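Student: Generate a structure from the sequence data that follows.
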Amino acid sequence: NLLGALMLGFLVGYERSYRGRAAGMRTYGIVCMASCALTVMMGYPGYWFGGHALNLPGMGMPDPTRVIQGIVTGVGFIGAGVIMKEGLNISGLTTAASLWAASAIGVMVGLGFYAAAMLLSVLSAICMMWASRLERWLPARTSYAVLLRFGREFRPDQSQLVAAAMRRGYEVVPASFSISLTDGRAEWRFIATSLGKGQAVSLAQLSNELRAFEGVESFDL
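Tutor: Residues are numbered from 1 along each chain as shown. Down below sits the predicted model:
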């Protein structure tokens, strides 16, 4: 059981290792194998230290669902450690979700659902390898966080900004607007969402156009 869980963990973790993510084959293999070990352990309470107490009146078998709950909770802490947030960009969600799936695979191996565990491993690997290609093929809208810093004497106009964004294929989200004043210079923060694939200019082209935008001293995209 332990060897089977280790190999299935390697299968799921190879894709993350191939893409250079923080958690690789070793992490997935250990998580899957440890989850399996904890689950298998619940099937042999008579071999535990003091296991003869099971023969006493009122002593029942241990509840395996509590162990599975503890496994899922523990793996959740590992998943939280690989999630990184920088501004509005969040990375590591797929790695955290696949680590959670690896623990489920280990539990299934420990319970004896070998075919289902192998199927879940293959499906998880397929999802991580090819789901991103499917996402690129399907219609989608890309969002960018924009920070504009204007000159000291410049008075920006929101309607002109919205119109300029629309001409470049972006829609400014009204509820995302945040305006501040630093050293007499206005700073605007907002979210710009593309109208669709192929309808918006690229991020590089957008940055080149912002350099020539009237009143803009600096920007962050």
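
Student: ok, and the closest non-adjacent residue to the spatially most central residue of the chain?
Tutor: With distances taken as Cα atoms, centre = their mean, Leu93 lies nearest the centre of the chain, 0.9 Å away. Nearest non-adjacent residue to Leu93, counting by Cβ to Cβ, 6 or more residues apart in numbering: Ile83, 6.2 Å away. Bear in mind the C-beta positions are built from the backbone N, C-alpha and C, glycine included.

Student: same thing with Ile191?
Tutor: Spatial nearest neighbour of Ile191, chain neighbours left out: Ser176 (3.8 Å); criterion: Cβ to Cβ, 6+ apart.

Student: For the one you found, grab the count of nearby residues.
Tutor: Burial measure for Ser176: 15 neighbouring residues, criterion other Cβ atoms under 10 Å.

Student: quick one: it and Glu217, what's the gap?
Tutor: 21 Å (Cβ to Cβ, to the nearest Å).

Student: Then Pro45?
Tutor: Per Cβ to Cβ, Pro45 is found 70 Å from Glu217.

Student: Tell me who's in contact with the residue nearest to Leu93.
Tutor: Residues in contact with Ile83 (Cβ atoms under 8 Å, 6 or more residues apart in numbering) are 90-93, 95-96.

Student: repeat that with 7 Å
Tutor: Ile83 makes contact with 90, 92-93, 96 under the criterion Cβ atoms under 7 Å, 6 or more residues apart in numbering.

Student: which phi and psi does it have?
Tutor: Main-chain dihedrals, Ile83, degrees, to the nearest 10: phi -90, psi 120.

Student: next one: Glu187
Tutor: Backbone torsions of Glu187, given as degrees, to the nearest 10, read phi -120, psi 120.

Student: Thr193 too?
Tutor: According to degrees, to the nearest 10, Thr193 has phi -110, psi 130.

Student: Ignoring the adjacent residues along the chain, who's closest to it?
Tutor: Ser143 (4.6 Å).

Student: How much space separates Gly169 from Arg211?
Tutor: The span separating Gly169 from Arg211 equals 18 Å under the rule Cβ to Cβ.

Student: quick one, which of the two is more surrounded?
Tutor: Between Gly169 and Arg211, counted using other Cβ under 10 Å, the more crowded position is Gly169 (18 against 9).

Student: Quick one: residues contacting that one.
Tutor: Gly169 neighbours (Cβ under 7 Å, 6+ apart): 194-195, 199-201.

Student: my guess is the residue nearest to Ile191 contacts Thr193, does it?
Tutor: No. If you go by Cβ atoms under 7 Å, Ser176 and Thr193 don't touch, sitting 9.2 Å apart.

Student: Leaving aside the residues adjacent along the chain, what's closest to Ser207?
Tutor: With sequence-adjacent residues excluded and distances taken as Cβ to Cβ, 6+ apart, Ser207 is closest to Leu221, at 6.0 Å.

Student: Was I right to think the one you found contacts Leu203?
Tutor: Yes. Using Cβ under 7 Å, Leu221 is in contact with Leu203, at 6.1 Å.

Student: So between Pro45 and Glu217, which is more surrounded?
Tutor: Pro45 (15 against 11).

Student: For the more buried one, give its distance to Leu38.
Tutor: Applying Cβ to Cβ to Pro45 and Leu38 gives a distance of 13 Å.
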